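In: for reference, the sequence and a predicted model appear below.
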2 protein chains.
Amino acid sequence: MRQSELFTRTRKEVPKDEVSKNAELLLRAGFVSKEMAGLYSFLPLGLRVLNKVMAIIREEMDSIGGQEMLMTALQDPEKWQKTNRWADESVDVWFRTELKGGSSLGLANTHEEAIAAIAAQYVQSYKDLPFAAYQFQTKFRNEHRAKSGILRTREFIMKDLYSFAKSQEELDAFYDKAAAAYKRIFERAGLGGTTYMTFASGGAFSKYSHEFQTICDAGEDIIYISEEKGIAVNKEVYTDEVLADLGLKREDLRETKSIEVGNIFKLGTRFSEPLGLMFKDETGKPQPVIMGSYGIGPARLMGTIVETLSDEHGLVWPASVAPFAVHLVAVGEEPQVKERAEELYKDLMDSGVDVLYDDRDLRAGEKFADSDLLGIPWRLVVSARNMAAGTLELKERKTGTTESVNESEILNSSVMEKFKAN
Amino acid sequence: MRQSELFTRTRKEVPKDEVSKNAELLLRAGFVSKEMAGLYSFLPLGLRVLNKVMAIIREEMDSIGGQEMLMTALQDPEKWQKTNRWADESVDVWFRTELKGGSSLGLANTHEEAIAAIAAQYVQSYKDLPFAAYQFQTKFRNEHRAKSGILRTREFIMKDLYSFAKSQEELDAFYDKAAAAYKRIFERAGLGGTTYMTFASGGAFSKYSHEFQTICDAGEDIIYISEEKGIAVNKEVYTDEVLADLGLKREDLRETKSIEVGNIFKLGTRFSEPLGLMFKDETGKPQPVIMGSYGIGPARLMGTIVETLSDEHGLVWPASVAPFAVHLVAVGEEPQVKERAEELYKDLMDSGVDVLYDDRDLRAGEKFADSDLLGIPWRLVVSARNMAAGTLELKERKTGTTESVNESEILNSSVMEKFKAN
């Protein structure tokens, strides 16, 4: 894409009430726009990142057999009354609204009730189990405070997967597969080294649930990490009893702030029983289906990447989620520079490389500052000086390392491989 | 995908309050689930169709330079007060909700205000124009009645594109490009022959707006078609004056019911002025940006396909939006049938064909009835009888035409081309 055609631009100022680092950088770079506190629109560059994050998640959910669907945001209170989650006393983040006739509706903050009711239409016998279904759908949560940028918003897309099993063993087997898929997601998104599967409080049906927590000072959680075992414990269950159960010792654990980037939970029959999601077992006896739920907020994941990987010059995107693979920057007014840059833009695109081409009439310094702020993994500079030497300048955003590449070699395999890591 | 793993199934019964043909068929085939009146969830097969419809729309919007973004569903009343569209007297489909502190929010029924406010952050000079931006985002409309299945729902994804120009000519030029893109969308979705660009009432800034109307008895609109000119006139502007203006005569027009599958509208400065979306012209003088808006509801388009192309046996999907290209059906209990079908399933998938493989243990009659109901363009039957003759039976859903294909030729080019029309 030509940067001159992109309708957003970088800017120096951000809204005065903005206190979070992720929102500040994303706003300055033109990736998001602030609608109100806790409400951000995704502009073209930001949506490209969000879509890449969602594509990684989708691939991993498909790989464990998840069937994608899309439930409604508007919710029938009746189902929520059956599980005792309609009243403010049990769920205090409801946004409520009303039909013309005056009857109440809820804006979905999660979809356990909805999916259980849908599954109940289709599950009859043990032969219909197990299966898993998921969606990317907007959740609405009436947060009291929303000061963490895109980490905690009042409206956000969530990937929520639900599993349906006929036995605890079947649930456990899927739960482990989902945990492994989650690990792959965070690795692929560039957070593998700083994200820990974390023991958290369970419920009536399991001793623990698990969170995926990424080490970050901007996080709202506190966890205790065992580097040796590669796991962590959430503060809420950081007790002698739990530590003994997990074979952990306080002295081996490191306390840190963290962001919850995902969670997985064994629901048991908490939702299937009240919503009538039953199956007939091999003897013909009705049994409640055993459920699990598995959530990731793609925008929170994106915000966590910003919080943990950015530097003093701006955003730094891992290739897997970067809005473009290469930022091609033409420097100088000379016609031969423009011409060469145009040629290169075309050649790179023809080779299947995602390029943002800075074809604007701006000073080199401004272009370079913008490029650093946008955080595209590779910057390729065409200038008169380079052209005279028959080279192009290639800079890696993450390390700042610069190298000269022979013009003739730019489309060769060694350079192209870097670009295609995207 | 193996049909035995799909969690949905076909069924005979639909909710008693369901009166629309599209919802009845989609519910029976397991493409959607009814949450409440006017609220449908998209199940795996239905979401596959919806995603294909959206992919066509996205390609065409990208082809005219649209930049994709994603705005929020929750809306700040302040912006809507500036354009006088917050009160029920002006817009009567609002769903409203409240923040914890008690302040009102709206659920977006459209996004002109939101996009104008975002654009105002970036547009400064005539050099920043023209451009166009679009999104696929959920709209919420508090409809009094919702009895048309997925044609008119209280919550639906909409593709809304907005154009921004510095002159009427620039708006007109983009408007024509958008109209051409819309035509291509309806053609690609299989509705080209029955969809007419229709003159409808304009506003303060243009004599007419244009709707794209598909001939259909289930439609809520009435239009008058000129077959000769390939255009139509909406009843709301069907006056002597308008007909004279368009060079049409009553006796040449045919009255029909129709569904509005898209609309394009010249907004002028209706939103840019109240929301401060201004640019400096070449003399440095501030001018309001001239806007246009262009909407398509992918689910309504999907519902229109169902209403107009289905037959007495069930759904009939054009290849371009079908959930799968081929329905592979194994008939009979013989081990060699299963074996051959498994082989074929693998071969087709390896060749890049989207296959739904009916591997269930059901009678042939049930499988065929299901296959007709699901409406996948091609049905490929493996049975002992066919195998003895060294053939497979290939049936085209739309025409019902059946042919015998030599087993050895199934992966050859002539047959594969049919499957790849998808």
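Out: Thanks, I have it. Quick caveat: nothing in here was measured; it's all calculated off a predicted structure. Residues are numbered from 1 along each chain as shown, chains lettered A, B, ... in the order given.
In: any weak-confidence spans in the stretch 301-422 of chain A?
Out: Applying pLDDT under 70 to the stretch 301-422 of chain A flags residues A:421-422.
In: pLDDT weak spots in the stretch 1-150 of chain A?
Out: Within the stretch 1-150 of chain A, not a single segment meets pLDDT under 70.
In: show me where it has its helices.
Out: Ranges of helices within the stretch 1-150 of chain A are A:21-28, A:44-63, A:77-82, A:112-122, based on DSSP state H, counting those that start in this stretch.
In: how about the stretch 151-300 of chain A?
Out: Counting by DSSP H, counting those that start in this stretch, one finds helices in the stretch 151-300 of chain A at the ranges A:168-188, A:240-246, A:298-309.
In: for those helices, which one sits closest to A:Leu45?
Out: Of all these, it is helix A:298-309 that lies closest to A:Leu45, at 11.5 Å by Cβ to Cβ. Heads up, the C-betas are built off the backbone N, CA and C, glycines and all.
In: keeping just the C-alphas, turn the closest one into CSV.
Out: C-alpha atoms of helix A:298-309 as CSV (Å, rounded to 0.1, in the frame of the first residue of the first chain):
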residue,chain,number,x,y,z
PRO,A,298,-7.2,-10.7,20.2
ALA,A,299,-7.0,-7.0,21.0
ARG,A,300,-5.7,-7.6,24.5
LEU,A,301,-3.0,-9.9,22.9
MET,A,302,-2.2,-7.0,20.5
GLY,A,303,-2.0,-4.6,23.4
THR,A,304,0.3,-6.9,25.3
ILE,A,305,2.6,-7.1,22.4
VAL,A,306,2.7,-3.3,22.3
GLU,A,307,3.3,-3.1,26.1
THR,A,308,6.1,-5.7,26.1
LEU,A,309,7.9,-5.3,22.8
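In: in JSON lines: the helices of the stretch 1-150 of chain A, plus mean neighbour count and distance to B:Leu191.
Out: Formatted as JSON lines, those follow (neighbours: other Cβ atoms under 10 Å in any protein chain shown; distance: least, Cβ to Cβ, whole Å):
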{"stretch": "helix A:21-28", "mean neighbour count": "23", "distance to B:Leu191": "40"}
{"stretch": "helix A:44-63", "mean neighbour count": "20", "distance to B:Leu191": "28"}
{"stretch": "helix A:77-82", "mean neighbour count": "17", "distance to B:Leu191": "36"}
{"stretch": "helix A:112-122", "mean neighbour count": "22", "distance to B:Leu191": "29"}
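In: among the ones you listed, which is nearest A:Thr198?
Out: Short answer: helix A:44-63, nearest of the helices of the stretch 1-150 of chain A by Cβ to Cβ, at 19.0 Å.
In: and the nearest residue to A:Glu143 once chain neighbours are set aside, how many residues sit next to it?
Out: Nearest non-adjacent residue to A:Glu143, counting by Cβ to Cβ, 6 or more residues apart in numbering or on different chains: A:Arg154, 5.5 Å away. Residues within reach of A:Arg154, counting by other Cβ atoms under 10 Å in any protein chain shown, total 24.
In: what about A:Arg154, distance to A:Phe174?
Out: Distance of A:Arg154 to A:Phe174, given as Cβ to Cβ, to the nearest Å: 32 Å.
In: same thing with A:Thr194?
Out: Note on A:Thr194: its distance to A:Phe174, by Cβ to Cβ, is 26 Å.
In: compare those two and say which is more crowded by neighbours.
Out: Neighbour totals were compared for A:Thr194 and A:Phe174, and A:Phe174 leads with 24 against 18 (other Cβ under 10 Å).
In: now the more buried one, nearest residue through space, not along the chain?
Out: A:Ser163 (4.7 Å).
In: residues in contact with the closest residue to chain B within the stretch 201-350 of chain A?
Out: Closest residue of the stretch 201-350 of chain A to chain B, Cβ to the nearest Cβ: A:Ala299 (9.9 Å). Shown in contact with A:Ala299 (Cβ atoms under 8 Å, 6 or more residues apart in numbering or on different chains): A:Tyr40, A:Phe42, A:Leu50, A:Ile150, A:Thr153, A:Phe156, A:Ile157.
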